[in-house]
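>>> need a structure here:
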Amino acid sequence: MEPDTTFERTFLNRRSVRAYEDRPVPPDIRDLVLTAALRAPTAGNLCLYTILEIEDPSLKARLSETCDHQPFIAGAPWVLVFLADWARLQGYLRHHGVPEWCATRGEPFLRPRESDLLLAVCDALVAAQSAASAAEALGLGTCYIGDILENGEIHRELLGLPPYAFPITMLCLGWPTDRQKERPQPPRLPRDLVVHRDRYRGFTAGDYDRMFAGKDWPEPRRDPAGDNPGISLYSRKFAAAYSLEMRRSVRALLEEWR
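Numbering: from 1, shown residues only. All right, here's what the predicted structure looks like:
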């Protein structure tokens, strides 16, 4: 079966887009993308997520700094922040007197915990990917920003987040420039290293040598601290300042869920 052009553009030929034409995303396109996000699968139909549309230019500019100093965020025509959100449901339960009902039964009113957060994270990310796929099917380009996990205290204040609203990802959207459309598609890991059958399989030394290697991958960017690709990757991705800040920030944000 030959895939149609929409399928190819949305799933097979996609790439992250960080440069956009200087034109807005019209309201009808925004409405379609948000409608698609709201139709995404959700655990128990509870919709444990909230979507923030970031329109204030000064706020986008601030986020471009707090999210690991990425200037293109400030110029993105449309920015969405996805929250794993139990605050809304907690308010609903309190509105209907659930804490008092629990008290009459001699039971504690259960607050959200780590398992509830993970469920809401799944909801938020599924909604985000539905939005991204819908946007790309309509001709937009998208780029995920995981750095919204950094500087949790700053982002909580900037975005007015109540307890139990956890910023899990940010999505930049806009019309890609011609250069972005023509940019080579980045590679992915070999399928057999990612897709296993029935059980998780172990990896051989040869498998590890094939990871992030081969003609489709660019020459590894070497870190001064590294003398092989693995050390360079660790130094750039896991021991870098932004990664250490993300670890600190997420640890702090998790305190209210414990």
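>>> where does the stretch 1-150 of the chain dip in pLDDT?
1-3 (pLDDT under 70).
>>> Just the strands from it, written as ranges.
Along the stretch 1-150 of the chain, the segments classed as strands by DSSP state E, counting those that start in this stretch run 49-54, 78-85, 141-145.
>>> Render the CA-only coordinates of the first one in PDB, please.
Extracted C-alpha coordinates of strand 49-54, given in PDB (Å, rounded to 0.1, in the frame of the first residue of the first chain):
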ATOM      1  CA  TYR A  49      -3.800  18.000  31.100                       C
ATOM      2  CA  THR A  50      -4.100  21.700  30.400                       C
ATOM      3  CA  ILE A  51      -2.800  23.500  27.300                       C
ATOM      4  CA  LEU A  52      -1.500  27.100  27.700                       C
ATOM      5  CA  GLU A  53      -1.400  29.200  24.600                       C
ATOM      6  CA  ILE A  54       1.500  31.600  25.000                       C
END
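>>> So what touches that strand?
Strand 49-54 is contacted from outside by 30, 34, 37, 42, 60, 63, 78-85, 88, 120, 123-124, 127, 131, 159, 165, using Cβ atoms under 8 Å, 6 or more residues apart in numbering. Every C-beta, even on glycine, is put in place using the N, C-alpha and C of the backbone.
>>> One more: the longest one?
Contacts with strand 78-85, where a contact means Cβ under 8 Å, 6+ apart, come from 24-25, 30, 48-54, 60, 63, 73, 117, 120-121, 123-125, 127-128, 131, 148, 159, 161, 164-174.
>>> ok, now stretch 18-34?
Looking at what lies outside stretch 18-34 - Cβ under 8 Å, 6+ apart - the contacts are 51, 53, 70, 72, 75-78, 131, 134-135, 138, 140-141, 143, 172-177, 179-180.
>>> try stretch 190-209
With Cβ under 8 Å, 6+ apart, stretch 190-209 has contacts from Arg188, Arg210, Met211.
>>> Also stretch 120-130?
By Cβ under 8 Å, 6+ apart, stretch 120-130 touches 36-43, 46-49, 51, 80, 82-86, 112, 144, 166, 168-169, 171.
>>> tell me the residue furthest from the middle of this protein?
For the chain, the largest distance from the centre (Cα atoms, centre = their mean) belongs to Thr104, which lies 41.2 Å off.
>>> related to what we said a few turns ago, let's have the contacts of stretch 190-209 in a markdown table, adding distance to Glu8, neighbour count and secondary structure.
Putting the contacts of stretch 190-209 into a markdown table (distance: Cβ to Cβ, whole Å; neighbours: other Cβ atoms under 10 Å; DSSP: H, G, I helix; E, B strand; the rest coil) gives the following:
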| residue | distance to Glu8 | neighbour count | secondary structure |
| --- | --- | --- | --- |
| Arg188 | 16 | 10 | coil |
| Arg210 | 26 | 16 | helix |
| Met211 | 27 | 15 | coil |
